[in-house]
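Visitor: pasting a predicted model and its sequence here:
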Amino acid sequence: MKTTTVIDYIVQRLADEGITDCFGVPGDYAFPVCDAVDRNPNIKWIGCSNELNAAYAADGYARARGAAMLSTTYAVGELSAINGVMGAKAERSLVFHVVGMPSYQNQRLRKTMHHTFGDGDFGNFIGISAQAACCHAVINPDNCMIEMERVIAEARRNNQPAYIVVPSDYALAPVTPIEVQPPTLKSNETSLQKAVAAITERLKSAKSVVVLPAFTISRLGLQKEARAAIEAIGCPFATTSMEKCIIDESHPQFAGMYAGVLSPNDTREIVEGAEVVIDLGGISLNDETTTGFTTRLDPARFISIGLNDVRIGGQVFGNVRLADTLAALAKLKSPVPRYKRTPEGNPSINGKPSDKITMDALYPRYAKFIRSGDNVVLESGSSSFGVPPMTLPDDVQVHIQMLWGSIGWATGAAFGIALANLERKTILITGEGSHQLTANEIGNMGRFGANPIILCLNNDGYMVERALEPNPDWSYNDLAKWRYADLPHALGCTDWFTARVETLGELDAALKAARESKSGAYIEVIGGRMDMPKGLAFAHTRLKELYGDTP
C-alpha cells in the first residue's frame, strides 16, 4: 500500500463512501483535516458561517446523499456543532463528525492549551461529543485502518452519526498498513426467513392491514424497495408529516396523511381500524406527528420492521436488515385484499390580488408552486403544519425535522440538501423566528452556487411559540424587525431575485419571478400575527396533553 498520512486516509475513506463535500469551520487543531480535504481531488471544502450551521448542512446533505462529512476543531468547534449532530442522531442522518484535537505530545505533557479548562485534561469533551453519535474512535497511526472500518460499519448499521477524533500530530503521521476488509452488512439468512414466515402467517389471518412507512426509508434510500413491498402486500399505506412524499402521493394505495384527530376521516378509519399495522422502518409517533397524542393505535397490532430486527408481538428476530426484509416482502404472495384510492385534490386557490395574505390562501399557493423534482425543506413551526396536509406532485422530496425540532435547522439543512444534488431545485419554507438563528448561511448558499428559493414568513414574532402557550403576548415572543428581503444582497448574493410581498397579487408575481430566476430567490411574505395553519391552531387547544398538567 502506498504510504499515506492518517488524515489523508480518513478523508479518502469517507470520500469512498460517496461523500463529495465536507462542511465545516476551520480551526488550528483541525488544520490537518482542512488541509487534507483541500488537497483531496474527490472532496470539496464547504466553509460555513459557524459550526452549528455546518452541522445542520451536513445533516441535510446526508438526508439527500446518504452520508455527510463534518469537520470542526476541538472543544469550542465540536461543542458548537453538537446540537446539529444530536438532531442527526435523533432522526437517523449519517454524519461523520471529524474533529482535530491538540497533539498527542502536548497531551502527554499536560500543557495548558487554548480551548481547554487549563487542567491538562484533554479528554473532557470526548464523552460529550460521543453521546451525539452511535459510535466513536480516537484515531492513531496503528488503529486508523481498523477503527475507520469499525465506525463506518456501525454508523451504516444504525444510520446515525459517527464521531472521529484525531490528535493533530497523529493526523500527519504515516498510517500503519494493516490488512482490512470493509464488513458487509447483511442479514442472518435463517433469522430473515423466520421473520418473513412470521409476517406472512400474521397477514393470512388479518381482515385489514395498513402500512406506515417510516422516515428511515428515505434516509437509507430505500423508497423504491418500500414501494415494491407495499405493492406486493396490496394494502393501503399512510404517512405522517415526517414521511411526507416518501412515496408518491398519486400512488393508488396511498390512503392520505395520518395525524391523529386531524387526519381525513377515511385515512383515520383505515389506520386506526386496521387489524394489522406494518411499521416499515421504525415510525416515530411523537407529540408532533400525532397532533398532541390524539392517535388510537394498539401496539399489539403492530408488525415492526426496524433497521436491524423484526418484532411481532413477543417475538423478536434479530440480525435482520431492513433492505433484505423489503426485498423478501416484494416477493410475497399476499392474501390481503387489494386497495385502490382516488387521491383528493388540494383546496382551490382563493382570494383577490388585492387581498392581504392569509394562511388559508398561502399554503394552497405553495402546493401549486412546488413542482416534480423539487426538494422542499420545512422549518419547525407553522410551515411544518401548513404544507404537509397539501397533496404534492410526484418526485418531490420533503425534508422536515419533526422529532428533534431545532429551530433554525431548515436554513442550514437547505444549504446541504441543495449541494447534495444541484439538479433539483431546493425550496426552503421558513418562519422569521427560526430564520434569524441561521440566516447568515445565505451568503454561503450564494458562494457555493446552491441557489435555493427561500420563502420566509414574517408574522411579527415567534408565532409557533405564541400558539403553544396560553398567553401569546409575552415580550419574549417578539423579534428584532429585520428587513428580510434585503438579506441576500447584504450577504453577497447580489444576483438573487428578492421581493417583499403583502398581497396575494404580489405573492403570485413574486413566485413566478422566483421560479424564473437563473440564480437564487428570496421572498419575504408578510402574514398576520396570529393567523396560523389549522394544525397549529389545534395544537393550541392541546396544551395539557402536550406538556402535562401545570400547577
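Guide: Cool, got the structure. Numbers count the residues shown, from 1 in each chain.
Visitor: gap between stretch 392-400 and the chain center?
Guide: Relative to its parent chain, stretch 392-400 has a centroid offset of 13 Å by C-alpha atoms, centre = their mean, to the nearest Å.
Visitor: what residues of that stretch count as buried?
Guide: 392-393, 396-400 (16 or more other C-beta atoms under 10 Å). All C-beta atoms are positioned from the backbone trio N, CA, C, and that covers glycine.
Visitor: put the alpha carbons of that stretch into CSV.
Guide: Extracted as CSV, the C-alpha positions of stretch 392-400 are listed here (Å, rounded to 0.1, in the frame of the first residue of the first chain):
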residue,chain,number,x,y,z
LEU,A,392,-47.7,17.5,-3.7
PRO,A,393,-46.6,16.3,-7.1
ASP,A,394,-44.7,13.1,-7.8
ASP,A,395,-40.9,13.0,-7.3
VAL,A,396,-40.9,15.8,-4.6
GLN,A,397,-38.6,15.2,-1.7
VAL,A,398,-39.8,16.8,1.6
HIS,A,399,-37.3,17.3,4.5
ILE,A,400,-38.6,18.2,7.9
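Visitor: ok, and what's touching that stretch?
Guide: With contacts defined as C-beta atoms under 8 Å, 6 or more residues apart in numbering, stretch 392-400 is touched by 60, 63-64, 218, 241-242, 244-245, 248-250, 367, 370-378, 380, 384, 387-388, 410, 413, 417, 424.
Visitor: let me see the contact set for residue 508.
Guide: 353, 365.
Visitor: can you redo the buried residues of stretch 392-400 as a markdown table with secondary structure and distance to residue 258?
Guide: A markdown table is the format used below for these (DSSP: H, G, I helix; E, B strand; the rest coil; distance: C-beta to C-beta, whole Å):
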| residue | secondary structure | distance to residue 258 |
| --- | --- | --- |
| 392 | coil | 16 |
| 393 | coil | 21 |
| 396 | coil | 19 |
| 397 | strand | 20 |
| 398 | strand | 15 |
| 399 | strand | 19 |
| 400 | strand | 15 |
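Visitor: inside strands: which ones of the contacts of stretch 392-400?
Guide: The strands, defined by DSSP state E, take in 375-378 from the contacts of stretch 392-400.
Visitor: list buried residues within the contacts of stretch 392-400.
Guide: Applying 16+ other C-beta under 10 Å to those flags 60, 63-64, 218, 241-242, 244-245, 248-249, 367, 370, 374-378, 380, 384, 387-388, 410, 413, 417, 424 as buried.
Visitor: the residue nearest to residue 43 when sequence neighbours are not counted: what's it in contact with?
Guide: In space, residue 43 comes closest to residue 15 once its chain neighbours are excluded; the distance is 4.7 Å by C-beta to C-beta, 6 or more residues apart in numbering. Going by C-beta under 8 Å, 6+ apart, residue 15 touches 40, 42-43.
Visitor: wait, residue 366 touches residue 388, no?
Guide: No: distance between residue 366 and residue 388: 11.3 Å, which falls outside the contact criterion (C-beta atoms under 8 Å).
Visitor: mind picking the two most distant members of the buried residues of stretch 392-400?
Guide: The distance between the two most remote of those (C-beta to C-beta) is 17.2 Å, for 393 and 400.
Visitor: just say helix, strand or coil for residue 316.
Guide: Under DSSP: H, G, I helix; E, B strand; the rest coil, residue 316 falls in the strand class.
Visitor: what about the closest residue to residue 406 other than its chain neighbours, neighbour count?
Guide: Leaving aside its sequence neighbours, residue 406 sits nearest to residue 87 (C-beta to C-beta, 6+ apart; 5.3 Å). Counted with other C-beta atoms under 10 Å, residues neighbouring residue 87 total 23.
Visitor: kindly report the same for the one 3 residues further on.
Guide: Burial of residue 90, expressed as a neighbour count using other C-beta under 10 Å, amounts to 16.
Visitor: tell me how far the nearest residue to it once chain neighbours are set aside lies from residue 261.
Guide: Distances taken as C-beta to C-beta, 6+ apart put residue 404 closest to residue 90, at 4.3 Å, once the chain neighbours are dropped. Noted for residue 404: a distance of 24 Å to residue 261, by C-beta to C-beta, to the nearest Å.
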